[in-house]
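Enquirer: next come a sequence and a model predicted from it.
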Amino acid sequence: MCGIGGVMSSAAEAAPTFGEMRRMVAMLSHRGPDGYGLYRDDQVGLVHSRLSIIDLAGGAQPLSNEDGSVWLTFNGEIFNYIELRQNLAELGHRFSTSGDSEVIVHCYERYGSRAWEMLNGQFAFALWDSRRRLLWLVRDRLGILPLHYARARGHVVFASEAKAIFAGGRIAPRVDPEGLCQAFTTWSAMAPRSAFQDIRQVPPATALCFDSALCAREQTYWRVHPARPSFAKGSADDALEAQLKRSVALRLRADVPVGAYVSGGLDSSVITSLAAEARGHVETFGIRFADPRFDETREQRLVAKHLGVHHHELLCSASDIRDALPETVWHCETPLLRTSPVPLFLLSQAVKAAGVKTVLTGEGADELLCGYTIFKEDQIRRFWARSPQSTMRPALLQRIHHYVGAEGARQNAVWQSFFSHKLLETAHPFYSHLIRWRNTAWTLRLLAPEIRNSLPLESMFADMAAELPPDWSAWDPVTRAQYIEIQGFMSSYLLSCQGDRVAMAHGVEARYPFLDPDFVDFCFTLETTDKMIGTRDKIALRRVARRRLPPEISGRRKQPFRAPIAAALFDRDEATFEDALSPSNLAASGYFDTTAVTQLLARARARGRSLGEREEMGLIGVLTLQLLNDAFGPQFRQRALEAEALLAGMRCDVWVDRAIDKPSIPPPHSVLSAFEVRH
């Protein structure tokens, strides 16, 4: 994958400058350290930083069609590019490269905006149709890859990451209060919001089209469409395995080695077994926590031994998490409520050091096959609502949360009350997620009143409900819960903060076989009983896993990926973040209720005291918001200067200038002779 960006000027404004474009691409060089390219004409500038994975010699960007009327800067992979290329060649299209990027240009020439529907991949790209004066910003179906944009005084500026937009100089970084409220409720601002004012995210499965006057129209080219079950109960196993085999095979297409993440859980283990079967040799990577409460090393080693793969372990301690947290926040570009992204940031660093650029991961299975406890909680709450007198109510809850019933009558009453919140409002569009969001929203009390009141919960829910599909009310409750989880937590947080952002921080591309479009559609044709029966999850996938993995793995309960929190950051003897969390700096930032934060911090630092889950989330949110404020405030200019200095040592592969006002500086001497420099 790569980093992309650019600027579109209205017809009345001057063309983008190479100075602005160079500042933008410099800030994306971590995403693409193998080279960069620039294109501009009288209205549009495109930038690209390249991570070479397919067509290592000929895939430089921005690239164009034969007559130079369509230009593309592309981040991601089109996994079915071989098949698309063959079809287009038969229709008379001529290709000058062997990679996947050029396929998009020719698909657009042939099919126009219907082309996006044909792409099986993970992508974010900008396509400039200079003849029609149209700029397209397009993002993949599930939002695997990021794409941001902003309007600024007669211009539209866009990039893979917000920091590149800020580096261009047209917009200054400012945290958005409404984005903060959403992040402190649903873990991340949901598209089109972001954590920054004026910065918008292109939503998943969306193409934005800007004309020469910068008027925009939005095209949603895909939605989840639940279908009638196409398999008899219990008969979907072979089809599921065949779909996954095809998905893995497509994601093994690369001109560099492809590794895999192994967590020790079911999902990543199934993917690794399929990759090992297809490739023979696979390098695998896993995290070994020094804290045994979070460690899954035994299961990882069991899988590696069973499959005969070469497994690498990264030991991650509390101090490692503490030290890497600021840099992780810089790359995630949002406050965090968990430290889980940090070990994954460190793991991608280890992957890069091992010489691997691409890894397969298991994300997506829990959302598509009901692996999370939230789906079980939803079913139990609906049973409670239907059967208020049932004696099974506590027992059902205990099946998914074993601590219920073992903590005494008072604590059990607390749990009963927690899960009874708005119990009878089963028609609420977000019924499945209400108790979780309400619990997380406790953290809002740590924000200043003017911040937390900028987006009340009911207003937030109303905004989100307005984006639901028109046939939503006809869906069954399980499918509704899946949709919310996919569009919300997965796309906005998991694939970003624990996915693309922390992988691409070190130039590592993560690929997601469970998120293949055909596999996603397939999962919505399954009977609910192939996903979940009672409190048992991922039914069909577990049956497939029994054919391939030891029973300790195929039958293992899900262990959520978590990392040490309070002990790593808030111990009374830990002074790393003392300055960031001082009352004076908390007050200076203007985001917080300083008294509430100071009191909670004192509790965290008291000997023998432990914090509850939401209290820990609150402190992590406060700390990471302070770190975000520092990174995009006082430290930003220095980071931008350092990035520009690094760019001077990178190879410039493409430098195309079609603007009437010629640049005052010549192209870099490092431009490869294979690419024409046009004036």
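Expert: Thanks, I have the structure now. Residues are numbered from 1 along each chain as shown.
Enquirer: longest helix in this structure, please.
Expert: What stands out as the longest helix in the chain, according to DSSP state H, is helix 613-631.
Enquirer: tell me the contacts of residue 145?
Expert: 1, 75-76, 122-124, 139, 160, 500 (Cβ atoms under 8 Å, 6 or more residues apart in numbering). Where C-beta positions appear, they are placed from N, C-alpha and C, glycine not excepted.
Enquirer: try 10 Å
Expert: Contacts for residue 145 were tallied using Cβ atoms under 10 Å, 6 or more residues apart in numbering; they are 1-2, 4, 75-77, 121-125, 139, 160, 204, 495-496, 499-500, 504, 509.
Enquirer: after the longest helix of the chain, next one along is what?
Expert: helix 636-647 (DSSP states H and E).
Enquirer: quick one: the strands in the stretch 51-200 of the chain?
Expert: 63-64, 70-78, 121-129, 134-139, 148-151, 155-159, 200-201 (DSSP state E, counting those that start in this stretch).
Enquirer: to residue 328, which of the ones you listed lies closest?
Expert: Across these, residue 328 has its closest neighbour in strand 148-151 (18.6 Å, Cβ to Cβ).
Enquirer: and that closest one, what's buried?
Expert: Neighbour counts over strand 148-151 (16 or more other Cβ atoms under 10 Å) mark 148-150 as buried.
Enquirer: and of those, the nearest to residue 263?
Expert: When the buried residues of strand 148-151 are compared for distance to residue 263 (Cβ to Cβ), residue 148 wins out at 29.4 Å.
Enquirer: partner residues bridging that closest one?
Expert: With DSSP bridges applied, residue 148 shows beta-bridge pairing to residue 159, residue 201.
Enquirer: next up, the contacts around it.
Expert: Residue 148 is in contact with 5, 124, 137, 157-165, 191-192, 194, 196, 199-202, 333, counting by Cβ under 10 Å, 6+ apart.
Enquirer: try residue 370
Expert: Residues in contact with residue 370 (Cβ under 10 Å, 6+ apart) are 376, 378-379, 478, 481-482, 485, 523, 526, 528, 530-533, 536-539, 541.
Enquirer: then residue 109?
Expert: 65-67, 69-70, 88, 91, 93, 115, 129.
Enquirer: just residue 2 next, same as before
Expert: Applying Cβ under 10 Å, 6+ apart, we find residue 2 in contact with 28, 31-37, 48-53, 59, 61, 73-76, 101, 124-125, 145, 160, 504, 507, 509.
Enquirer: on that earlier part again, ok, which of the strands of the stretch 51-200 of the chain comes nearest residue 636?
Expert: strand 155-159 (14.7 Å).
Enquirer: strand 70-78 and that closest one, what's the angle between them?
Expert: Put simply, strand 155-159 runs at 30 degrees to strand 70-78, going by axes from the mean of the first three to the mean of the last three Cα atoms, to 10 degrees.
Enquirer: for residue 528, give its distance to residue 479.
Expert: 8 Å (Cβ to Cβ, to the nearest Å).
Enquirer: try residue 554
Expert: According to Cβ to Cβ, residue 554 and residue 479 sit 26 Å apart.
Enquirer: who has more neighbours, those two?
Expert: Neighbours were counted for residue 554 and for residue 479 using other Cβ atoms under 10 Å; residue 554 has more, 19 against 16.
Enquirer: phi and psi next, for the more buried one.
Expert: As for residue 554, its main-chain torsions (degrees, to the nearest 10) stand at phi -60, psi -30.
Enquirer: which ones are touching the residue lying closest to it once chain neighbours are set aside?
Expert: Of all residues not flanking residue 554 in the chain, residue 545 sits nearest, at 3.7 Å (Cβ to Cβ, 6 or more residues apart in numbering). For residue 545, the contact set (Cβ under 10 Å, 6+ apart) comprises 241, 266-267, 269-270, 273, 538, 551, 553-556.
Enquirer: contact partners for residue 448?
Expert: Residue 448 is in contact with 177, 180, 454, 586-587, 589-594, 596, counting by Cβ under 10 Å, 6+ apart.
Enquirer: if we use 7 Å, what do you get?
Expert: 590-593 (Cβ atoms under 7 Å, 6 or more residues apart in numbering).
Enquirer: helices and strands around the strand or helix carrying residue 48, which ones?
Expert: Under the criterion of DSSP H and E, residue 48 resides in strand 44-49. Packing contacts for strand 44-49, counted by 3 or more Cβ pairs under 7 Å, 6 or more residues apart in numbering; DSSP states H and E, involve strand 3-9, helix 18-26, strand 36-40, strand 70-78, strand 121-129.
Enquirer: and the third one, which strands flank it?
Expert: Looking back up the chat, that one is strand 36-40. When DSSP bridges is applied, strand 36-40 pairs with strand 44-49 (antiparallel), strand 652-657 (parallel).
Enquirer: of those, flag the one that's most buried.
Expert: Across the strands paired with strand 36-40, averaging neighbours per residue (mean count of other Cβ atoms under 10 Å) puts strand 44-49 on top, at a mean of 30.
Enquirer: what's the neighbour count on residue 273?
Expert: By the measure other Cβ under 10 Å, the count of residues near residue 273 is 24.
Enquirer: report pLDDT for it.
Expert: Residue 273 is assigned 98 on the pLDDT scale.
Enquirer: so for the residue of the chain positioned farthest from its centre, what's the pLDDT?
Expert: Largest separation from the mean C-alpha position in the chain: residue 389, at 42.5 Å (Cα atoms, centre = their mean). At residue 389, the pLDDT value in this model is 74.
Enquirer: kindly report the same for residue 89.
Expert: Here, the pLDDT recorded for residue 89 equals 95.
Enquirer: what's the angle between the strand holding residue 48 and strand 3-9?
Expert: 170 degrees.
Enquirer: which of the contacts of residue 145 are buried?
Expert: The neighbour count (16+ other Cβ under 10 Å) marks 1-2, 4, 75-77, 121-125, 139, 160, 204, 495-496, 499-500, 504, 509 as buried among those.
Enquirer: tally of neighbours for residue 220?
Expert: Residue 220, neighbours per other Cβ under 10 Å, totals 12.
Enquirer: list the contacts for it?
Expert: For residue 220, the contact set (Cβ under 7 Å, 6+ apart) comprises 205-206.
Enquirer: could you do residue 632 as well?
Expert: Applying Cβ under 7 Å, 6+ apart, we find residue 632 in contact with residue 173.
Enquirer: before we move on, back to that, so which of the helices and strands packed on strand 44-49 is nearest residue 642?
Expert: That would be helix 18-26 among those, by Cβ to Cβ, at 8.9 Å.
Enquirer: now for that closest one, which elements pack on it?
Expert: Using 3+ Cβ pairs under 7 Å, 6+ apart: helix 18-26 touches strand 3-9, strand 36-40, strand 44-49, helix 162-168, helix 636-647.
Enquirer: state the mean pLDDT of the third one.
Expert: Read that as strand 44-49. 97.
Enquirer: give me the contact list for that strand.
Expert: 2-8, 16, 21, 24-25, 28-29, 31-32, 36-39, 61-62, 71, 73, 126, 128, 135.
Enquirer: alright, I will stop here.
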